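Peer 1: here you go, sequence then predicted model.
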Amino acid sequence: MTVFHSLIGIMTTLFLLLAVGFFCRKVGLLNDMSSKNLSKLIICLGQPALIISALNNAEWSPERLKIALWATVIGFAMHTFMGAAAFLVCRGMKKAEHAKIFEFGLVFTNCGFLGFPVLDSVFGEGMGSFMGAFYVISFHLFLWTWGISILARGRDDIKLTPKKALLNYGTVPCAIGVALYLLKYFFSMPEPIGKTLTYLGGLCTPISILITGGLLATIPLKKLFGTPSLYVHSAVSLFAFPMVICVIAKLLRLPDQYILFCTVMAGLPAASTVTMLGEIHNIDPGYASQTVGITSLLTTVTLPVVCLFANWVIGL
């Protein structure tokens, strides 16, 4: 019940922010230009600061270093699995733009903005977000390589080069954050710099959700809830993926806490980054915001269910 109550609180906050973004768009406080500029602000400044601050703020100890390694390896394994599975699921889709958002949303979940507080509710305050901080390393490395390659299909203006794959808004902050964590025993970041990064990282959740809410305001209500592919997407991402990954983790005899960790991270809604990159690159931003909005709504019900499933699998 604790997880369920925590989820209700988190999701209520999320949808209040969505409602504010919806209202801001309706009254003209948000428009196409401001949405694109805010998306660039989060992608180029907010998310890098969030990555560095999360890893810099993580407590260092030999025991925690083991947990960090587990979370990192699990992150890479899960993103590899979800990337391959999503590619196979989307191969037969005819609408290219829909297919890109569909596939992108299956691979990349809201493991940072929403994942951290959910993990804290499951594993305890601090420990959950600590595990999440190392999981998101793989998220950002895959996002700026495989994710961009998904969006670049059929587009000459979106290109993935070796330089962009190595040096981007995900890989560089991850490298800095990991270095700061490993050197924490010998070196601590000056407090003013650390606080500045924390404040900048704190922009991510509210602004990204406001952008999504604003885009939802541009979609007719009938279309918003009447798109069948959104429910197919939700069934795959919120039920099939987490349950399959949970069973695989059990068969691999992972420790119980990591089976639950895998299940939670796989069962989160589509990442807000789907909306922001869709907005920046003009890849069906309306459908992208629908994907984030619908999966976020349904997660309130589905995540407690898959957590119960994980506990049942663990007990076998």
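Peer 2: Arrived safely. Residues are numbered from 1 along each chain as shown.

Peer 1: list the contacts of His98.
Peer 2: Ser229, Asp284, Tyr287 (C-beta atoms under 8 Å, 6 or more residues apart in numbering). All C-beta atoms are positioned from the backbone trio N, CA, C, and that covers glycine.

Peer 1: tally of neighbours for the nearest residue to the last one once chain neighbours are set aside?
Peer 2: Once its chain neighbours are removed from consideration, Tyr287 has its nearest residue in Ile101; the separation is 5.3 Å (C-beta to C-beta, 6 or more residues apart in numbering). Other residues lying near Ile101 total 30 when counted by other C-beta atoms under 10 Å.

Peer 1: now the helix or strand Ile101 falls within: average pLDDT?
Peer 2: Counting by DSSP states H and E, the element that carries Ile101 is helix 96-107. For helix 96-107, the mean pLDDT works out to 88.

Peer 1: quick one, what contacts Arg25?
Peer 2: For Arg25, the contacting residues are Asn31, Gly213, Gly214, Leu215, Ala217, Thr218, by C-beta under 8 Å, 6+ apart.

Peer 1: actually Leu114, not the one I typed
Peer 2: Ile10, Leu14, Leu268, Pro269, Ser296, Thr299.

Peer 1: can you tell me which of these lies nearest to Gln47?
Peer 2: Proximity of these to Gln47 (C-beta to C-beta) peaks at Leu268, which lies at 16.5 Å.

Peer 1: phi, psi for that closest one please.
Peer 2: Note on Leu268: its backbone torsions stand at phi -80, psi 160 [degrees, to the nearest 10].

Peer 1: count of neighbours near it?
Peer 2: The number of residues near Leu268, taken as other C-beta under 10 Å, comes to 25.

Peer 1: quick one: it and Gly115 touch, right?
Peer 2: Yes - under the criterion of C-beta atoms under 8 Å, Leu268 makes contact with Gly115 at 5.5 Å.

Peer 1: mutual contacts of these two, please.
Peer 2: Joint contacts of Leu268 and Gly115 (C-beta under 8 Å, 6+ apart) are Thr109.

Peer 1: check what pLDDT the residue most central in space within the chain gets.
Peer 2: Nearest to the mean C-alpha position of the chain, counting by C-alpha atoms, centre = their mean, stands Asn110 at 2.4 Å. The model reports Asn110 with a pLDDT of 86.

Peer 1: same check, this time on Asn311
Peer 2: You'll see Asn311 listed with a pLDDT of 89.

Peer 1: tell me the buried residues in the helix holding Ile101?
Peer 2: Neighbour-count burial for helix 96-107 flags Glu97, His98, Ala99, Lys100, Ile101, Phe102, Glu103, Phe104, Gly105, Leu106, Val107 (criterion: 16 or more other C-beta atoms under 10 Å).

Peer 1: next SSE after it?
Peer 2: helix 115-123.

Peer 1: what does that next one contact?
Peer 2: Contacts of helix 115-123 (C-beta under 8 Å, 6+ apart): 2-3, 6-7, 10, 54, 109, 126-129, 131-133, 135-136, 257, 260-261, 264-265, 268, 303, 307.
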